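>>> turn this into a model:
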Amino acid sequence: MITGLQVMVAAGALISLGLVLLVARLVPAEPDLADALERLSPQRRVTIAGNPGAAVSVKERVGVWAIKHLPPGLWVRTPVRELALLRISTARFYGDKLAFAALGLFIAPLLALFFDVLGLGLPIMVPAVGSVALATVMFFIPNYNAIDDARKARIEFSRALGAYIDLVALERNNGAGVRQAMEAAANVGDSWVFRRLAEELTRSRWSGQPPWDALHALADELGLPELDDFADIMRLSGEEGASVYASLRARSAAMRTAMLNDEIAEANAIGERMTIPGSLLGVIFMALLVAPALLRMFTNT
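Residues are numbered from 1 along each chain as shown. The predicted structure is shown next:
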């Protein structure tokens, strides 16, 4: 049997949803000039979730609808570089944000209904305000996930790039040309980093673009300064014929040293945090030892 409180909870959820949609509709939808020009560019590469042949999912359809009908200011900030590194399409990212927001919008009314079944009634404003607040918080969860995953991917890219630079140095030392050395080294590994480098180098070869320019563009797109430095070294070798074997080996050694220092610093920070539980256990143990004596003392007095 449906009670009056259940009706009020459902009405509060619908009113909250209606207010959110009304505000989103009334906000002026100003087109993003950079995004519009990018869509009109003939050189734009369309990739769905990192796979050009992948089928469009429900979230991506929702994201495409949101891009067309919702104002750009609603998304606050889109981590473009992080999405490009993870090969997640903007439509899928927006679909994830709307899915998380919808989930947060209905969690509070469901909890209110659960408390009502237990006999603990809540005022109608609690689920209404809670649903809007939770939907707002969960709306930004995909941003956090993308930034965190991209941070881990950049660390993995730096590690693989150090090995790739060593392979390019060996190829150059054996007399291979600049492009030949870069392509041969990229085809050695089977990780996603080597595949990404091989794709960019192959695309630059068919378009007639110098390989270092392609890597410069990739470094700028993904936010990878190490790759940008490597492209500068290869440009000197390709345009000026400079010997870069020593420079490449020094660069890879410097990258490994920097990564080792970062790992040592992270390990030290984790070790310092682990001393806190041990200290708390010591305090609790001392309290257990002292408590009986204190109880006896107060009891005797």
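
>>> show residues contacting stretch 259-266.
Residues from elsewhere that reach stretch 259-266 (CB atoms under 8 Å, 6 or more residues apart in numbering): I155, S158, R159, G162. C-beta coordinates here come from the backbone N, C-alpha and C atoms, glycine included.

>>> could the residues you listed be laid out in CSV, adding neighbour count?
CSV is the format used below for the contacts of stretch 259-266 (neighbours: other CB atoms under 10 Å):
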residue, neighbour count
I155, 13
S158, 19
R159, 15
G162, 20
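
>>> just give me the neighbour total for A163.
For A163, the count of nearby residues is 18 (other CB atoms under 10 Å).

>>> hang on, isn't it packed against L197?
No - in this structure, A163 is not within contact of L197 by CB atoms under 8 Å, at 11.3 Å.

>>> now, the contacts of stretch 259-266 that are in helices?
In helices, defined here by DSSP state H, the members of the contacts of stretch 259-266 are I155, S158, R159, G162.

>>> distance to G271 added to the contacts of stretch 259-266, as a markdown table?
Below are the contacts of stretch 259-266 laid out as a markdown table (distance: CB to CB, whole Å):
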| residue | distance to G271 |
| --- | --- |
| I155 | 20 |
| S158 | 23 |
| R159 | 22 |
| G162 | 26 |
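
>>> could you list the low-pLDDT ranges of the protein?
1-56, 115, 118-124, 127, 239-242, 300-301 (pLDDT under 70).

>>> how does the protein divide into domains?
4-139, 153-255 (automatic domain parsing).

>>> most tightly packed of these?
Counting by mean count of other CB atoms under 10 Å, domain 153-255 has the highest mean neighbour count of these, with a mean of 17.

>>> endpoints of that one, how far apart?
Start-to-end span of domain 153-255 (CA to CA, to the nearest Å) is 16 Å.

>>> for P79, what are phi and psi?
Backbone torsions of P79, given as degrees, to the nearest 10, read phi -70, psi 80.

>>> sorry, that was for V76
V76 adopts backbone torsions of phi 60, psi -70, taken as degrees, to the nearest 10.

>>> tell me, how many residues neighbour the nearest residue to it once chain neighbours are set aside?
Leaving aside its chain neighbours, V76 sits nearest to F140 (7.7 Å; criterion: CB to CB, 6 or more residues apart in numbering). F140 is flanked by 15 other residues according to other CB under 10 Å.

>>> G271 versus F140, what's the distance?
32 Å (CB to CB, to the nearest Å).

>>> nearest to L98 among the ones in helices among the contacts of stretch 259-266?
For the ones in helices among the contacts of stretch 259-266, the residue nearest L98 by CB to CB is I155; the value is 29.9 Å.

>>> so who does the closest one touch?
Here I155 is in contact with M259 (criterion: CB under 8 Å, 6+ apart).
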